[in-house]
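Visitor: just the structure for this:
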Amino acid sequence: MDIARLALSRIRRKNEQVGEPTMVQERAARVARRLSAILAADVAGYSRLMHNDEEATHAKLTALLTDAVAPAVAEHGGRIVKNTGDGFLAEFPSAVEAVRAAVQFQTRVTELTIDDPEAKRIAFRVGINIGDVIVEPNDIFGDGVNVAARLEGIAKAGGVCISSAAYDQVRGKVGVAFVDLGEQNLKNIALPVRAYASQLSDAPRDGPGFPFVQWTWHSRRRARLGLTMALLLLMAGGGVGYWYMRWNEPQLVNHRLSIVVLPFTNLSNEPEQEYFAEGVADDLSADLSRIEDSFVIAPSTARAYKNVDPKRVRRELGVRYILDGSLRRTESIVRINARLIDTRTGAQIWSEGVDGEWSKSLQLQDVITGGLARRLDLELTNHESRDAEVARPNNPDAVDLTMRGLAVLNRPYSREQVAQSGALFERALQIDPGYPKALVGLADALAIQVNYRWTDTPADKLRRAEQAVDQVLSQFPSDAMAHFVKGEIQRAKGRNLDAAVSEYMAAIGINPSLAPAHGALGAAKIRVGRSAEAFAPLQMAIQLSPRDPLLSTWYFYACHAHSHLAQYDEAIDWCSRSITVNPFWIAYADLAAANAWTGHELEALAAIGELRRLKPNYTVALWLQDGSAWSDNVVFLAEFQRIAEGLRKAGLPER
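Guide: Now for the predicted structure:
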């Protein structure tokens, strides 16, 4: 019997002795409360997944909860309080264990779903908070639970968003980097909540990619400034869109690619199309957050700025760019128009239109947003490069030089242009030796030189490239571009090409919109002797970026896959497309062989003439030498010999 009940009993006995009615009533049973770490999770895009395939989605979700979530929660001392249809609520004894469990099951979910089609892939969003909760056998209640649920709502697919209360407990203890998102105004939560975000295997790099601000954590300018100087720079920079202060380790992070995606306008006069227009804008925000050094305002904030003056957006959100657009559906066709606006001038600097079949609207949304994100990545990089050359022609910093290097790489490849980009990245690294974007850019340029046979020292180039990209991956294991470049290095080696395939798959798993990774995956499939598997990733690359600087290369890979499969009519078609976009010597080789095998002697001879013009003194022996350097796979080499025989038929000299 506790003290309160003992006192109540004594009062009752005394009153009964004097014949007075009992005026003190027994208190209700005490409500069970405790301080807990609360984890709320749900499936991103659950309604869309269920709409596509209810039974498959339900079965997959059940399997993931059983095979990935439940073991991780149990291993870290938690309990799943209840399932919520599209997610679950869990309770842990500490925030550290909650975060460790989240990292574990998010990683496992990515592993289990990496081969699933993107349209059917399940990914969890996770919110974690510490709070005093009311405990019942099959549920928990309280503001602490509500905050966790709201944090889950602003988390990105594959990511985790935690409150400051949780962050204070886990900082430095869980091996996961977090980014301060600032104060968040969460729905139905009275006071703002400071939130922190971390990205796991399905999220880009180790920046947040979560709402209010989304960026990738790469511009680590290690100038340690005093707080006063930092604040002065903050004010001079024109808003939070340019400078962000990490208070626990004062330094400045420059966000030049700052952008807000405003809600797209539905021009169809059909209210049911609003969800599609909103989904396009939301997905674009997520995809743009994967661009290195980007700063993307979250959709929840962006919706408040529809149809407003660009200068107001710049003043209040501190961003350099606005992306907005419209959607119009006519019977079976939907058209998306997007435009990019410079908030400094209000001028439109880029626009794009995409058409598609409405019956494939869900797949269409992925292709539209992925393609626009790739085009915007290219356009923003080129625009920033031009701005830097005008603003700082004689005093470029590491970011300026890196942007220039990337802008050069964004053009169709040539020997001189790739060498120029490599030199720009080297200059950037002289200023900031640890700048990740410059390291990845340099590694890419070096790998291109080896893959295209534009160097006399391939081993040295690959050694330097591998050192650079490994330096980035050791700090940022979820860097999609670094995984892509690592794959390019493995492909350039010509050995252990399955490792290249794995790196490309990892890059695509992190950023499904990374068109170059899809294209390179197609090339790698040819070199591992599985040419029939090359067409799907190549088609995806072309769909995502139909005007890409690498388009002629992807067309050639399609031609080359058909050549390896002895499908010569198709090879002629694709190599002709490649040459039309950008004449490149190797496309003429496949074109010549395919024409020879199909009896088109004049066309074969003409292709040999162009090949020898671009590659003087090229021979069948050199072709075979190139093939043995590209791959040691026996299937590949046997198919490559058949192309060599076609070159002989076309008239290419043996030696």
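Visitor: burial count for the closest residue to A566 other than its chain neighbours?
Guide: Across the structure, with Cβ to Cβ, 6 or more residues apart in numbering as the measure, the residue nearest A566 apart from its sequence neighbours is R642 (6.6 Å). Where you see a C-beta, it was placed from the backbone N, CA and C, and this is true even at glycine. Residue neighbour count, defined by other Cβ atoms under 10 Å, stands at 14 for R642.
Visitor: now do the helix or strand where R642 lies, average pLDDT.
Guide: Under DSSP states H and E, the secondary-structure element containing R642 is helix 634-650. Averaged across helix 634-650, pLDDT comes to 95.
Visitor: tell me how far that helix lies from the chain's centre.
Guide: Helix 634-650 has its average C-alpha position 38 Å from the chain's average C-alpha position, going by Cα atoms, centre = their mean, to the nearest Å.
Visitor: swap in stretch 628-641?
Guide: Its chain's C-alpha centre lies 33 Å from the corresponding centre of stretch 628-641 when counted by Cα atoms, centre = their mean.
Visitor: the stretch 501-650 of the chain: helices as residue ranges?
Guide: For the stretch 501-650 of the chain, the helices identified by DSSP state H, counting those that start in this stretch occupy 515-527, 535-544, 551-564, 568-581, 585-597, 601-614, 620-630, 634-650, in order along the chain.
Visitor: what segments of the stretch 201-350 of the chain are helices?
Guide: Counting by DSSP H, counting those that start in this stretch, the stretch 201-350 of the chain has these helices, from start to end: 227-236, 274-288, 299-302, 310-317.
Visitor: and the longest strand along the chain, what does it pack against?
Guide: The strand that spans the most residues within the chain, counting by DSSP state E, is strand 124-136. Other helices and strands packing on strand 124-136, by 3 or more Cβ pairs under 8 Å, 6 or more residues apart in numbering; DSSP states H and E, are strand 33-43, helix 95-113, strand 139-141, helix 143-154, strand 159-163, helix 164-170.
Visitor: comparing those, which comes out most buried?
Guide: Using mean count of other Cβ atoms under 10 Å, the stretch among those with the greatest mean number of neighbours is strand 159-163 (a mean of 29).
Visitor: mean confidence for it?
Guide: In this model, strand 159-163 has an average pLDDT of 91.
Visitor: so what are the sheet partners of it and their directions?
Guide: Looking at strand 159-163 with DSSP bridges, its paired strands and their directions are strand 124-136 (parallel), strand 193-199 (antiparallel).
Visitor: go through those and find the least confident stretch.
Guide: strand 193-199 (a mean of 80).
Visitor: show me which residues of that strand are buried.
Guide: Of the residues in strand 193-199, those with enough neighbours to count as buried (16 or more other Cβ atoms under 10 Å) are V193, A195, Y196, A197, S198, Q199.
Visitor: hmm, the residue nearest to A566 is touching L565, no?
Guide: No. Checked against Cβ atoms under 8 Å, the pair R642 and L565 is beyond contact range at 10.0 Å.
Visitor: need the contact partners of the helix or strand harbouring K461.
Guide: When secondary structure is defined using DSSP H and E, the element that contains K461 is helix 458-475. Contact partners of helix 458-475, identified using Cβ atoms under 8 Å, 6 or more residues apart in numbering, comprise 206, 434, 436, 439-440, 442-444, 446-447, 449-450, 455, 479, 482-483, 485-486, 489, 492-493.
Visitor: could I get the helices and strands packed on strand 124-136 as a markdown table with distance to A594?
Guide: Output for the helices and strands packed on strand 124-136, formatted as a markdown table (distance: least, Cβ to Cβ, whole Å):
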| stretch | distance to A594 |
| --- | --- |
| strand 33-43 | 47 |
| helix 95-113 | 39 |
| strand 139-141 | 67 |
| helix 143-154 | 53 |
| strand 159-163 | 47 |
| helix 164-170 | 59 |
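Visitor: so for G405, which of the ones you listed sits nearest?
Guide: strand 159-163 (29.5 Å; Cβ to Cβ).
Visitor: now that closest one and strand 33-43, what's the angle there?
Guide: 150 degrees (axes from the mean of the first three to the mean of the last three Cα atoms, to 10 degrees).
Visitor: got the CA positions of strand 159-163 in PDB?
Guide: Provided in PDB are the C-alpha atoms of strand 159-163 (Å, rounded to 0.1, in the frame of the first residue of the first chain):
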ATOM      1  CA  GLY A 159      16.300   8.400 -44.100                       C
ATOM      2  CA  VAL A 160      15.900   9.300 -40.400                       C
ATOM      3  CA  CYS A 161      14.900  12.600 -38.800                       C
ATOM      4  CA  ILE A 162      15.400  13.100 -35.100                       C
ATOM      5  CA  SER A 163      14.500  15.700 -32.500                       C
END
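Visitor: now the residue nearest the centre of the chain: how far from T107?
Guide: Nearest to the mean C-alpha position of the chain, by Cα atoms, centre = their mean, lies N511 at 3.2 Å. Plainly put, N511 is 17 Å away from T107 if you go by Cβ to Cβ, to the nearest Å.
Visitor: can you check S414 too?
Guide: In this view, S414 and T107 are 41 Å apart by Cβ to Cβ.
Visitor: same thing with G45?
Guide: 20 Å.
Visitor: again, but for F141
Guide: To T107, F141 is 30 Å away according to Cβ to Cβ.
Visitor: and if you look at L151?
Guide: Distance from L151 to T107, counting by Cβ to Cβ: 20 Å.
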